[in-house]
Structure formats: C-alpha cells, structure tokens
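> got a structure for you, letters missing:
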C-alpha cells in the first residue's frame, strides 16, 4: 500500500500509459456513468446534452454541453461560453480517473456556472478509457504518436471552436478554464488560435488558470518525488538513488534518448515508452512565454494547500509574467484551505480528492467571468 501511495502521488502530474492499459475493463462503467449524468436531469437548474466533435486527425471526441435552465425558455439568448480542460493523465470530462480517483471538479464547476447563466463544454480527452478500443495497437510507437502533445493541443482547439460556434453561445464571450495541465494547454491553444487568420478561430476572450504550473514540470516532479519518497523510504542511500535515477530518466526524455531500464522500481511507471512524446512536452514546455504573449484578461487561482503546484512559487511566476504585458488585466487568488483539486483540506499532507469544491473558488470564478465578460459586452456596443 505504501508503494501505491507513492506512485499515485508521483503521477499526479506525469502522464503514463501503463495505468491506462491495465485499467481498461473500467471503460464500460465510465460510459454508463456519463450516460446517467445526461439522462437524469429532473428539476436541475441546467440542461445537459451529449455531444461529439472531431479532434486532431478527425478523432471523434465525446463531451457534455451544459446550458442554463432558461436556454429552453428563451430560445434567442446566447450565453457566455467556457471550455473546461482537465488535468493530466486519463482524466475525463468531469475531472475524474475512474474508478479510483473521483474529484468531479469540472462537473461541479460546470453545474455552478450554469446557475449563473454560463454555458460550458467539457470532454473526455483521447487518453480516457472510454476510447480504449480505438487506440492504436500495432506498436508502442503508434501509441506514442497517438498521444503526442500536439494532438492534445489540437483536440482542445477543436473543442473551443465547437463551443464558440454553437448557436446558443456568444462567440465574443467565450473563454477557457484549464485545470493543472489544462492550464498549460489553454495558454498554448490561445496562442495557436491567435495566429490563425480565420475569424472563426479567434483566441479565447479570457483564460482561467486553475492549479497551473508556472514552470516546466521537471521542477515540480523533483519536488513531488523528493517529498513523497521521503515519507516512504527511510534509507538515505535509496532516496539518493531514486533522485539520481529521476534525473537520468528526465535527461534521456529531454534528449529523445531511450530511458534507462535500470531505474528504481518506484519510478518504473513514470516513463512509459508509449508516452515518450507527451512526457517530453511536460518536461520542456515553459508556460511563461505563452503567458507573456496572450492578449486577454486572465484569472490565476491556486489552492493554499496544493501539494502538486505551489501556490507560492507557480502562482507568483504566472502572475509576474502576465503583469509584464502592456495591456490586459490579471487577477491572482489563493483559495484558503484548498487542495490541488480545490477540495477543503487541513494541510499539504492531504491530497484532497474528495468532498465538495471550495465555495470560494466557485464564487471567484463566477465573479471574474461576470466582470470580465460585462466589460467585453460594453466594448462591443
């Protein structure tokens, strides 16, 4: 059990396919859960519908479009739109990795925003087990290419276009909220869309970066592994070996070299050869240049007791990069007593996967969206 605790903590940021493939039988259960979410909507203050759209290389992605309750009563009104992007790994549209990791972060954010007359789209990433039967099987290299970082970026860009072009969404008031890895994707997608000459692919009007790293993730991985291994391993020599092996593995990935096959067992699942490309992106893509060039308002939020992305270091770095821009506002908030998944906890030692989402996070997100999009509406008049 102690070994498992280490592995789960270490892979909170890193994406591995070993766990995905071994968990494949859970696919049917996940599909049923999503279907149930769509079917049982009696007396809810919103309406939800299952949607599909084409991602990178025409891969069909599935998601949930949530519309405010009055969307059925008022067929003419268009609503503010928010694309919700999940964190790393096989995280689904709701912010979960069934059956063990169930946070419902994005589901709860979507439902809360619907009460404020905001439409949202959330979708299952291509890494989710619902797509397991459609993953390439001919080789590890084919799987590695399927999970290449640009595919995740283009999937998110396609999702944003789908939401922006929906007839119940105001194209001029559409933003992206990215959690953890989703924040890094949001920053890159914003630049991608801004460089496209097509009017239909204009960049998001604003960004919300929730629990998003302000550094390349090799720095965060060192901190996570050192902290978590220190709780599990009592032998100093073993701890030194773990950290040395981590450096060897990360250097190999950055240099596009084979990962050493003699890593400490605790690191074994972190560097799957089937996820080499996406892991290299984690270790090398710096969010700050994208933050400095995004021309729009940004909300940066972190949990006070986030054990994965530092509220002190990462929020500060993102805020400073965003403040260096000549125009556009940045708002930075630390949510008291909140974890990486914005659940109420008592310290950094509690990973905070369960329980309700912090009401303060929900209130801050609603207020920021309302203020930012009101300004946008005034500018367009």
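Thanks, I have it. Everything numeric here is computed off the predicted structure, so don't read it as measured data.

> Neighbours of the spatially closest residue to residue 91 that is not a sequence neighbour, how many?
Once its chain neighbours are removed from consideration, residue 91 has its nearest residue in residue 97; the separation is 5.6 Å (Cβ to Cβ, 6 or more residues apart in numbering). (C-beta placed from N, C-alpha, C; glycine too.) The burial count assigned to residue 97 is 27, neighbours taken as other Cβ atoms under 10 Å.

> and what of the one 5 residues further on?
Counted with other Cβ under 10 Å, the neighbours of residue 102 add up to 15.

> Same question for the one 10 residues further on.
Applying other Cβ under 10 Å, we find 20 other residues in the vicinity of residue 112.

> now do the one 3 residues further on
Using other Cβ under 10 Å, residue 115 is surrounded by 14 other residues.

> show me where pLDDT drops low in the stretch 51-200 of the chain?
Judged against pLDDT under 70, the low-scoring parts of the stretch 51-200 of the chain cover residues 197-200.

> let's go with 80 and repeat that
Within the stretch 51-200 of the chain, the stretches falling below the threshold (pLDDT under 80) are 196-200.

> hmm, back to that, pairing partners for the residue nearest to residue 91 in the sheet, please.
Legend: beta-bridge partners of residue 97 under DSSP bridges are residue 101.

> quick one, what contacts it?
Neighbour list for residue 97: 89-91 [criterion: Cβ atoms under 8 Å, 6 or more residues apart in numbering].

> And the residues you listed, which is closest to residue 313?
Sorting the contacts of residue 97 by how near they are to residue 313, with Cβ to Cβ, puts residue 89 at the top with 22.4 Å.

> three-state assignment of that closest one?
When the structure is reduced to helix, strand and coil (DSSP: H, G, I helix; E, B strand; the rest coil), residue 89 reads as coil.

> Now do it against residue 96, distance only.
Taking Cβ to Cβ, to the nearest Å as the criterion, residue 89 is separated from residue 96 by 11 Å.

> re earlier: I'd like to know how far the residue nearest to residue 91 sits from residue 90.
When Cβ to Cβ is the yardstick, residue 97 and residue 90 sit 5 Å from each other.

> okay, now residue 319: neighbour count?
Other residues close to residue 319 by other Cβ under 10 Å number 18.

> quick one: contacts for it?
With contacts defined as Cβ under 8 Å, 6+ apart, residue 319 is in contact with 300, 330, 332.

> so the last one touches residue 300, yeah?
Think residue 332. Yes - taking Cβ atoms under 8 Å as the contact criterion, residue 332 and residue 300 are neighbours in contact, 4.6 Å apart.

> okay, these two: which has more neighbours?
Per other Cβ under 10 Å, whichever of residue 332 and residue 300 has more neighbours is residue 300, with 26 against 18.

> and residue 346, how many neighbours?
Around residue 346 sit 10 other residues, with neighbours defined as other Cβ under 10 Å.

> residues of the helix or strand hosting residue 113 that come out buried?
When elements are assigned from DSSP states H and E, residue 113 belongs to helix 105-115. Using 16 or more other Cβ atoms under 10 Å as the burial criterion, the residues of helix 105-115 that qualify are 105-114.

> cool, stretch 174-189 as well?
174-189.

> and that stretch, how far apart are its ends?
End-to-end distance for stretch 174-189: 13 Å, by Cα to Cα, to the nearest Å.

> Give me the distance between it and the centre of its chain.
Offset of stretch 174-189 from its chain centre (Cα atoms, centre = their mean, to the nearest Å): 7 Å.

> ditto for stretch 267-284
17 Å.

> swap in stretch 64-75?
Computed by Cα atoms, centre = their mean, the chain-centroid distance of stretch 64-75 equals 25 Å.

> how about that stretch: buried residues?
Of the residues in stretch 64-75, those buried by neighbour count under the rule 16+ other Cβ under 10 Å are 64-69, 71.

> which one of those residues sits closest to residue 123?
Checking the buried residues of stretch 64-75 against residue 123 by Cβ to Cβ gives residue 64 as the nearest, at 7.5 Å.

> All the strands of the stretch 251-381 of the chain, residue numbers only.
298-303, 330-335 (DSSP state E, counting those that start in this stretch).

> could you dump the ones you listed to TSV with mean pLDDT and distance to residue 279?
Conversion of those to TSV gives the following (pLDDT from 0 to 100; distance: least, Cβ to Cβ, whole Å):
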stretch	mean pLDDT	distance to residue 279
strand 298-303	98	24
strand 330-335	98	29
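
> which of the ones you listed sits most buried?
Between the strands of the stretch 251-381 of the chain, the one whose residues have the most neighbours on average, counting mean count of other Cβ atoms under 10 Å, is strand 298-303 (a mean of 27).

> Could you give me the buried positions within the longest helix along the chain?
If you go by DSSP state H, the chain has its longest helix at helix 359-380. Taking 16+ other Cβ under 10 Å as the neighbour-count basis, helix 359-380 is seen to contain the buried residues 360-362, 364-366, 368-369, 372-373, 376.

> Having no further points to raise, I will conclude here.
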